[in-house]
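Chemist: Return atomic coordinates for the entry below.
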Amino acid sequence: MDKSVDAAVEAILESYGKFELTKRIDTECMLSKDILIEITEELRRVLFPGFFGKNRVRSEYIKYLLGERLEFIQYNLKKQVAEALGNMDISGTCRSCEANERAEEIVSGFLGTIPKIREYLNTDIQAAYNGDPAAYSTDEIIFSYPGVFAVTVYRIAHELWELGVPMIPRIISEYAHSVTGIDIHPGAKIGKYFFIDHGTGIVIGETTEIGCNVKIYQGVTLGALSTRKGQQLKGVKRHPTIGDNVTIYSGTTILGGDTVIGSGATIGGNSFITNSIEAGTRVSAKAPELHFSKSADKNEVWDMCE
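Modeler: Here you go, the predicted structure:
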C-alpha cells in the first residue's frame, strides 16, 4: 500500500474512534436508502397504474400484476420497517422478534391505506388541473408536475408516519425533496384538493396543518417562528395552520404554531406573516419602489445582441 494511502487509512480509523455519531460498524440494523426508493417507485406504479411502468397494463392481468407488486412492497418494506424499529428501545427480551412482529402489523396496516391515498391523490390531480390553465390534461400533470410527485411521496410517507414508523418516512420525504426542491415533512397534515404550482423552494414543517382546497406557489415557507430551543420543542405545535380554500402566492413566509390563516384567505406574494389572519382576508405586501437609470449606452446594448 502506498505510504500516503496507509497514512490516510490510519488517520480515518482514528477519526472513527473519536466520532461515534457518524459511524455504524458491527451492527445488524441498517436501512437501505436505495431499497426504500425502489419501494416508493413501486408504490407510485400501484397508485397510478399504467403511468410509470415499462409495459402496457392490461385489465385482464391487472389483478396478478398488482399482487406481484404488493408482494415486493410487503416483503421489502417489512424488512426495512423491522430494521428501523430495531434501532429503537423496544421492550422485551427478543428485540428482533418483537420488531418483526410489529413490522408485519404496520406494513399490513399501511397496505390497507392505499385506497385512501389514491382517493386523496385523485383530488390533488383534479385541483392541479382546475387551478392551472397551462395544463392540457390530467395525464400531463401526473407525468410531469413536480408538485404532484412531491405530494404523492408525502401522502405515502404520512401514512407510515401515522403508523409510528421511525426514520423511513423522513428518508422517503427527503428523496422527493432532492428530486423536486419541495420539502414536506411527513408529519404535516394536509387535506384533499391540495395543489402545489411550480413548487421549487417550498417548505412545509412537521406540525403544519393544511385544510381542503389549498393552493401554494413556489418559494412558500410554512415554518417555525423559532427553533433555538431545539429538542426542547419536540412535539410542540411550531408551524402554522392553514384553513380551507386558501391561496398562498410565491415567496411568502408564514411562521408560528399559533398562526392561523383563516379559510378563504388570499396571501399575496412576498408576505411575511407571524400573526393570525381572519377568514376571507386578502393580504398583500407593499410593492418596493423601482428606480431606473441608464447603465449602458443604447447603441452598445444593441451591438451586444446582434
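Chemist: contacting residues for Ile106?
Modeler: Contact analysis of Ile106 by CB atoms under 8 Å, 6 or more residues apart in numbering lists Val81, Leu160, Leu163, Gly164, Val165. Every residue, glycine included, has its C-beta placed from N, CA and C.
Chemist: Counting neighbours, which of those comes out on top?
Modeler: Greatest neighbour count in the contacts of Ile106, by other CB atoms under 10 Å, goes to Val81: 27 neighbours.
Chemist: didn't that one look like it was pressed against Met167?
Modeler: No. Val81 lies out of contact with Met167 (CB atoms under 8 Å); the separation is 9.5 Å.
Chemist: mind putting the contacts of Ile106 in TSV, distance to Asp183 included?
Modeler: Shown next, in TSV, are those (distance: CB to CB, whole Å):
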residue	distance to Asp183
Val81	23
Leu160	17
Leu163	22
Gly164	22
Val165	19
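Chemist: Redo these as a markdown table? Include distance to Gly280, secondary structure and pLDDT.
Modeler: Shown next, in a markdown table, are the contacts of Ile106 (distance: CB to CB, whole Å; DSSP: H, G, I helix; E, B strand; the rest coil; pLDDT from 0 to 100):
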| residue | distance to Gly280 | secondary structure | pLDDT |
| --- | --- | --- | --- |
| Val81 | 44 | helix | 96 |
| Leu160 | 36 | helix | 98 |
| Leu163 | 37 | coil | 97 |
| Gly164 | 38 | coil | 95 |
| Val165 | 39 | coil | 96 |
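Chemist: Farthest-apart pair in those residues, please.
Modeler: Farthest pair in the contacts of Ile106 (CB to CB) is Val81 and Gly164. Separation: 9.8 Å.
Chemist: List the contacts of the nearest residue to Phe195 once chain neighbours are set aside.
Modeler: Using CB to CB, 6 or more residues apart in numbering and skipping the chain neighbours, the partner closest in space to Phe195 is Ala127 (4.2 Å). Listed by CB under 8 Å, 6+ apart, the contact set of Ala127 reads Tyr193, Phe194, Phe195, Asn213, Lys215.
Chemist: now Ala127, what's its secondary structure?
Modeler: helix (DSSP: H, G, I helix; E, B strand; the rest coil).
Chemist: separation between it and Ala176?
Modeler: Counting by CB to CB, to the nearest Å, the separation of Ala127 from Ala176 is 18 Å.
Chemist: likewise Thr200?
Modeler: For Thr200, the distance to Ala176 - CB to CB - is 13 Å.
Chemist: Looking only at neighbour counts, state which of those two leads.
Modeler: Neighbours were counted for Thr200 and for Ala176 using other CB under 10 Å; Ala176 has more, 22 against 13.
Chemist: Mind checking what secondary structure that one has?
Modeler: Under three-state DSSP, Ala176 falls in the helix class.
Chemist: Quick check: chain neighbours aside, which residue is closest to it?
Modeler: Val153 (3.7 Å).
Chemist: quick one: contacts for the one you found?
Modeler: Contact analysis of Val153 by CB under 8 Å, 6+ apart lists Thr40, Ile172, Ser173, Tyr175, Ala176.
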